[in-house]
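S.K.: my questions concern the predicted model and sequence given below.
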Amino acid sequence: MNNPMNQLVSKSIATDAQYRIKGGIHPQEYKSLSNQQPIASIQEPPFYILPYSDLNKGSTTTNLEIAQPVEQGQILINSELANLSSVVHSPCDGVIADISEFDLGHPSGLEQPAIKIQAMPKSELERSAHADSLTDQIDYQSLTNEQLIKSVHQAGIVGLGGAGFPTHIKLSAPKDSIHTLIVNAMECEPYITCDDLLLREHPQSVLKGALIAAKTVSANRILFGIEDNKPEAIAALKTAIENYFDELTSTQESLEIKIIVAKTKYPSGGEKQIIELLTGQQVPKGQLPSSLGILVQNVATLEALNKAINQRQVMTKRLVTITGNLVGKPGNYWIPFGTPVSHIAEQLEVNLEQLACFIFGGPLMGTRHSNLEIPTKKSTNCIIFDSAYKTLEYPAKHQECIRCGECELACPMNLVPQQLYWFAKSQQWEALEEQQLFSCIDCAACSYVCPSEIPLGSYYQFAKSEIKDIKNKQIKSDLAKARFDNREKRLARIKAEREEKRRKAAEARQLAAANKTNDPDGKKSAIEAALQRVKAKKENKP
Amino acid sequence: MEILYATAIITLFAVVCGGLLGFASVKFKVEGNPIVEQINEILPQTQCGQCGHPGCKPYAEAIANGEAINRCPPGGEAGIKALAELLDLEIIELDDSCGEEAPARVAVIREAECIGCTKCIQACPVDAIVGAPKLMHTVITDECTGCDLCVPPCPVDCIDMPILQSALDSWKVPSPQVININEVTSEPPSKIKLEGAV
């Protein structure tokens, strides 16, 4: 065993992060609300609401009909492999109750197309062969990269860290372009603990998922990035790596696995932030981590990847943190996608009387909602029911900016949030782009530290959406201008050609008229033409 | 004698400069009025003719010659604002006689009813309709500017003008400022963090 990894595993596999990120905040933590209880499940809801696509573009539906029976794991919405969308599976046995527009929690409050499925549990005997095939065990080592990517796509896996980016697209990096897989277990939002609990209870599953991802992109280095407020998870992961050490060395030629523990700070779980913390490298503006040869995956995504490849389970549920001071039974639960929030609230004894609104995600980057009928999505990692959050907009009223510069210190992206605020307020779009508005990662650390309680993040979201709209309009107008100019040119050309034709015809007429004066009856020319024809005929007949 | 040298030198200098300027005026000649191009860039290029000109470029020329900047409904308020900024004019309200600012529309031909007369193809300012005589026509949605010009020539009235984007696609994040103004009953900030320091 002269493998270099040998030493890494047997000595210290967990090291402290050598690098720092700029800015950041230390919000008060509420993780202990939900990380004291083991992972559990809730009773299945009576119905599910599944959006057509989490990313809402590029999906194609299968031919679904109302009242059509569906089975658990059946593909409801298929998508092309190259599309930026994911396959959606049925989370239960049941029938399609409705296909129409539902409130899915879009910030506009507008309804979006979705499928409603009425759950109708079947007995095991009634299950078809389709369901049985899911329990087949396979060895991922025997699969090619293309097969792995196809399986990931068919399992409907998307990034579970929050953004919901389809994983098969991330894994389809060009050959040899990725050398490092970073496993994101930072989980820096103050309430969320689902990644923590997943690592505590299923570290080997996450590890196996990481190995599959590393194999798919041919990475030979796996770095686990985790904050120091999760000692149990770090210990569990360490044990798992040590226990699986032999297996790891037997299957991979060269592999370096390391756990890097960072000081707790928000937003160290941001993709650009974790890369800088673990490697000291900054992702260039406008580029992806792959430009540095790095792939970042969330722990929950890797766990789903392991289930999809090693146990052939499609992704129909995820671990969700249900927390907040209004929850009777806070904790982490396996919740199928499309479960209405009202069902979760009922099952976990949420005090609805004191509830003003609930949050999907963390309090800093999450979205606030008031309609309990909206369903959970693939990207929903946490639901907070807490009496501290009283309004949908944060905050309802704010004071004016006093140029204190706190936001500048907090910004992890080296931006000048107060300048961005003034420009967004006065709608100076060009100045905003010069100030690198689009480098903003929406972490809302600036809003958190602002003594005037200005919802800075909301101002940036507003400005980003306006600028995108203006750009789209500009593209459209440029296209129309080009087509209009081309048409004008074509019409001018046709007109010129017509003029030319007319001129030639007029000339011919004039010539004919001139001939007519020499030969008043036209007999001379007629005789000449006839002679010409006879001559031509003779020449053609040898 | 010196005065002759001086005169000769000055004359020679004048001739050389004149030659250079003459060359530059030919070599770097600007086609048309550059301000017209800048105005045209701002106009939305729908070529709809609601301003009373046969296209955006002619209206841009008219604006350069002093016509009002508020005659373009598709450009709307934002367009007027941009034009006012460019030309250093005052922002004025949209001229009602030209039309109202409306959401972007797109032409859709009810294909079963189309008789293939090609009249709409000739009317389309951006060549966004494909078809041939006595064969069905259709609109290339991505290239249609929603100008309405194909509707009047159609002898069988088979062209609809639905709104291009659904409410969801065209939704934009509202300004927090607007939210603040509307929030009449809001409480004062829950906590002023610097209060203690002050």
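M.R.: Here it is on my side, so go on.

S.K.: any regions of the chain where pLDDT drops low?
M.R.: Went with chain A since none was named. In the predicted model of chain A, residues A:1-12, A:53-62, A:123-139, A:245-246, A:248-253, A:393-396, A:519-522, A:541-542 satisfy pLDDT under 70.

S.K.: wait, I meant chain B there
M.R.: In the predicted model, chain B carries pLDDT under 70 at residues B:165-166, B:178-198.

S.K.: how about the helices of it, start to end?
M.R.: B:2-27, B:34-42, B:56-64, B:76-87, B:119-123, B:176-182 (DSSP state H).

S.K.: so the most centrally placed residue in chain B versus chain A, what's the distance?
M.R.: Among the residues of chain B, the smallest C-alpha distance to the mean C-alpha position (C-alpha atoms, centre = their mean) belongs to residue B:43, namely 1.2 Å. Between residue B:43 and chain A the computed distance is 8 Å (C-beta to the nearest C-beta, to the nearest Å). Where C-beta positions appear, they are placed from N, C-alpha and C, glycine not excepted.

S.K.: you'd agree that residue is up against residue B:79?
M.R.: Yes - counting by C-beta atoms under 8 Å, residue B:43 touches residue B:79, with 6.9 Å between them.

S.K.: reformat the helices of chain B as JSON lines; add mean neighbour count.
M.R.: Conversion of those to JSON lines gives the following (neighbours: other C-beta atoms under 10 Å in any protein chain shown):
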{"stretch": "helix B:2-27", "mean neighbour count": "9"}
{"stretch": "helix B:34-42", "mean neighbour count": "17"}
{"stretch": "helix B:56-64", "mean neighbour count": "22"}
{"stretch": "helix B:76-87", "mean neighbour count": "16"}
{"stretch": "helix B:119-123", "mean neighbour count": "17"}
{"stretch": "helix B:176-182", "mean neighbour count": "15"}
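
S.K.: make a markdown table out of the ones you listed and add distance to residue B:143.
M.R.: Supplementary listing: the helices of chain B in a markdown table, determined by distance: least, C-beta to C-beta, whole Å:
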| stretch | distance to residue B:143 |
| --- | --- |
| helix B:2-27 | 37 |
| helix B:34-42 | 19 |
| helix B:56-64 | 15 |
| helix B:76-87 | 21 |
| helix B:119-123 | 13 |
| helix B:176-182 | 34 |
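
S.K.: quick check: which element contains residue A:204?
M.R.: Per DSSP states H and E: residue A:204 is located in helix A:203-216.

S.K.: helices along the stretch 1-150 of chain A, start to end?
M.R.: Counting by DSSP state H, counting those that start in this stretch, one finds helices in the stretch 1-150 of chain A at the ranges A:4-10, A:129-132, A:145-154.

S.K.: tell me which residues are up against the next helix or strand after the last one.
M.R.: Per DSSP H and E, helix A:145-154 leads on to helix A:167-171 as the next helix or strand towards the C-terminus. Surrounding helix A:167-171, the residues in contact under the criterion C-beta atoms under 8 Å, 6 or more residues apart in numbering or on different chains are A:81, A:84, A:148-150, A:152-153, A:157-159, A:213, A:216-217, A:295, A:297, A:301, A:305.

S.K.: what subset of those is buried?
M.R.: Buried residues within the contacts of helix A:167-171, counting neighbours by 16 or more other C-beta atoms under 10 Å in any protein chain shown: A:148-149, A:152-153, A:157-159, A:213, A:216-217, A:295, A:297, A:301, A:305.

S.K.: pick the one among these closest to residue A:314.
M.R.: When the buried ones among the contacts of helix A:167-171 are compared for distance to residue A:314 (C-beta to C-beta), residue A:157 wins out at 8.7 Å.

S.K.: residues in contact with residue A:333?
M.R.: Residue A:333 touches A:39-42, A:319-320, A:322, A:344, A:348, counting by C-beta under 8 Å, 6+ apart.

S.K.: export these to JSON lines and tack on distance to residue B:25?
M.R.: Shown next, in JSON lines, are the contacts of residue A:333 (distance: C-beta to C-beta, whole Å):
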{"residue": "A:39", "distance to residue B:25": "81"}
{"residue": "A:40", "distance to residue B:25": "84"}
{"residue": "A:41", "distance to residue B:25": "83"}
{"residue": "A:42", "distance to residue B:25": "82"}
{"residue": "A:319", "distance to residue B:25": "74"}
{"residue": "A:320", "distance to residue B:25": "73"}
{"residue": "A:322", "distance to residue B:25": "77"}
{"residue": "A:344", "distance to residue B:25": "77"}
{"residue": "A:348", "distance to residue B:25": "81"}
